[in-house]
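> here's a sequence, model it:
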Amino acid sequence: MLTQTTTRVLEPSDLGAALAILESDPVANAFVTSRVQIAGLDPWRLGGEMWGWYADGRLRSLCYSGANLVPICATPEAVRAFSDRARRAGRRCSSIVGPAEPTALLWRLLEPGWGPAREVRANQPLMVTESPAVGVTPDPLVRRIRKDEIDVLMPACVAMFTEEVGVSPLAGDGGLLYQARVAELIGTGRSFARIEDGKVVFKAEIGAATPRACQIQGVWVAPEHRGRGLSETGMAAVLRYALADVAPVVSLYVNDYNTAARRAYTRVGFREVGAFMSVLF
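Numbering: from 1, shown residues only. The predicted structure is shown next:
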C-alpha cells in the first residue's frame, strides 16, 4: 500500500495541528512548545521555521529550524525528509538537539555535508520530577532575580554558558542576543540565584515553561563555592518555585559524564525518563 507523504513549512493556520503534536509529549517538547505557545508559527516571531511532515494528509512529525534544529515526535521517515530539507537549505543552526534516537539519525544523515561537529553529546539523560525535594532543605537565600540585578547576574550567566558550551555567548554580536534572553527570563520571573557580597554563588533558570511542564537550565555554582552542596539546596529551592508557580512537572537534561550533577539531581528528587542528544557546531 502506497503512502502519500510530504514536507512543508507550517503556517499560522496550522497552529492547532502543530500544538497537538507538541503536547503529545509535554516534557520532551517543552522548549519548542513554550515558544510556539507564545509566538505561534509565524517565522519572524518564532525565530525560525516549523517544518511539518505529513503522511496521508495528516501532520505526523515536526522539526523546528532556527538557532537550533530540533526534531519533534519524528519518525525515521520524517527524519529523512527533514534531513533532505536541511541539506538543501544549508546549515544555519548552531546546534542540533532533541530526543536521542531521532537526533542521532538526523545527524548521521547530515554529518557528511555539515560535519565535522565541534562536539557531539550523544547521551544526555532527561530527568523529571513532580514532587518537592525530600531530605534536601531548599536554600532560603535562593530567590528570584530582580530586573535591576541583571548586571550582577550576567557574569555568572556568561561563565556558565562558556563552561557548558565551550564558546562565549559574547562572540559575534557582543552578547546582545544573549543579554536579551537573560533579561527575558528575569522579566518573566524565571531566573533564580543566591547572591553574596554582590556576586552570584548559585544560579539556575526555568528556561522553558508551559502549563503542563517546565525545564530548568543554566544550573551553575561559582567555582570557589563548589563542593559545599549548594547545587542540591539551590536546585531544591528552584524546584519548589517551579512546582508552585509554573508547572506540575519539572524537567532538565544533563551530560551523561557529569556524574556529580546527576547524583545531585537524583538526591533532589529527579529520575531519568529518557535521553537527549546535542550536536554543537
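
> so the residue nearest the centre of the chain is in which element?
The centre of the chain sits closest to Phe31, judged by CA atoms, centre = their mean, with a distance of 5.1 Å. For Phe31, the host element (DSSP states H and E) is helix 30-39.

> also Ala275?
strand 271-280.

> so where do the helices sit in the stretch 51-200 of the chain?
Remark: helices assigned in the stretch 51-200 of the chain by DSSP state H, counting those that start in this stretch are 76-89, 100-114, 150-165, 176-187.

> can you pull the buried residues of the helix holding Phe31?
Buried residues in helix 30-39, counted by 16 or more other CB atoms under 10 Å: 30-36. The way it works is simple: take the backbone N, C-alpha and C, and place the C-beta from them, glycine included.

> quick check: the two most widely separated of the residues you listed?
Ala30 and Val36 (10.9 Å; CB to CB).

> related to what we said a few turns ago, next one: the residue nearest to the centre of the chain from Gln215, what distance?
Using CB to CB, to the nearest Å, Phe31 is found at 6 Å from Gln215.

> tell me the contacts of the closest residue to Ala261 other than its chain neighbours?
In space, and not counting its chain neighbours, Ala261 is closest to Val254: 5.2 Å by CB to CB, 6 or more residues apart in numbering. Going by CB atoms under 8 Å, 6 or more residues apart in numbering, Val254 touches 124-125, 127, 261-262, 265.

> and Val254, how far from Ser65?
On the measure of CB to CB, Val254 and Ser65 end up 25 Å apart.

> got the contact list for Tyr253?
So Tyr253 contacts 124-127, 215, 275-276 (CB under 8 Å, 6+ apart).

> just Thr137 next, same as before
With CB under 8 Å, 6+ apart, Thr137 has these contacts: 233, 236.

> how much space separates it from Thr233?
6 Å.

> what does Gln37 give?
Taken as CB to CB, the span from Gln37 to Thr233 is 32 Å.

> please enumerate the strands of the stretch 101-250 of the chain.
119-129, 143-144, 191-196, 199-209, 214-221, 250-253 (DSSP state E, counting those that start in this stretch).

> give me the low-pLDDT residue ranges for this protein?
1-3 (pLDDT under 70).

> try it again at 90.
Within the chain, the segments meeting pLDDT under 90 span 1-5, 132-134, 166, 171-175.

> pipe the contacts of Val254 into a markdown table and attach distance to Glu23 per row.
Shown next, in a markdown table, are the contacts of Val254 (distance: CB to CB, whole Å):
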| residue | distance to Glu23 |
| --- | --- |
| Gln124 | 23 |
| Pro125 | 23 |
| Met127 | 20 |
| Ala261 | 29 |
| Arg262 | 28 |
| Tyr265 | 25 |
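
> select only the buried ones of those residues in ChimeraX?
Entered in ChimeraX, the line below selects the buried ones among the contacts of Val254, by 16+ other CB under 10 Å:
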select :124,125,127,261,262,265
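
> wait, Gly48 sits on Ala67?
Yes: taking CB atoms under 8 Å as the definition, Gly48 is a contact partner of Ala67 at 6.9 Å.

> report the contact partners of the nearest residue to Ala133 once chain neighbours are set aside.
Distances taken as CB to CB, 6+ apart put Ala236 closest to Ala133, at 3.9 Å, once the chain neighbours are dropped. Ala236 makes contact with 132-133, 136-139, 268 under the criterion CB under 8 Å, 6+ apart.

> who wins for most neighbours among those residues?
Using other CB atoms under 10 Å as the neighbour criterion, Val268 leads the contacts of Ala236 with 25 neighbours.

> distance of that residue from Val250?
With CB to CB as the criterion, Val268 and Val250 are 10 Å apart.

> where do the contact lists of the two overlap?
Common neighbours of Val268 and Val250 (CB under 8 Å, 6+ apart) are 129, 239.

> for Trp220, what are its contacts?
So Trp220 contacts 156, 159-160, 163, 200, 202-204 (CB under 8 Å, 6+ apart).

> same deal with Val221?
So Val221 contacts 201-202, 230-231, 234 (CB under 8 Å, 6+ apart).

> that one bridge partners, please.
Phe202 (DSSP bridges).

> can you list the strands of the stretch 101-250 of the chain in JSON lines and add distance to Ile21?
Output for the strands of the stretch 101-250 of the chain, formatted as JSON lines (distance: least, CB to CB, whole Å):
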{"stretch": "strand 119-129", "distance to Ile21": "18"}
{"stretch": "strand 143-144", "distance to Ile21": "33"}
{"stretch": "strand 191-196", "distance to Ile21": "29"}
{"stretch": "strand 199-209", "distance to Ile21": "16"}
{"stretch": "strand 214-221", "distance to Ile21": "18"}
{"stretch": "strand 250-253", "distance to Ile21": "18"}
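
> cool, thanks, signing off.
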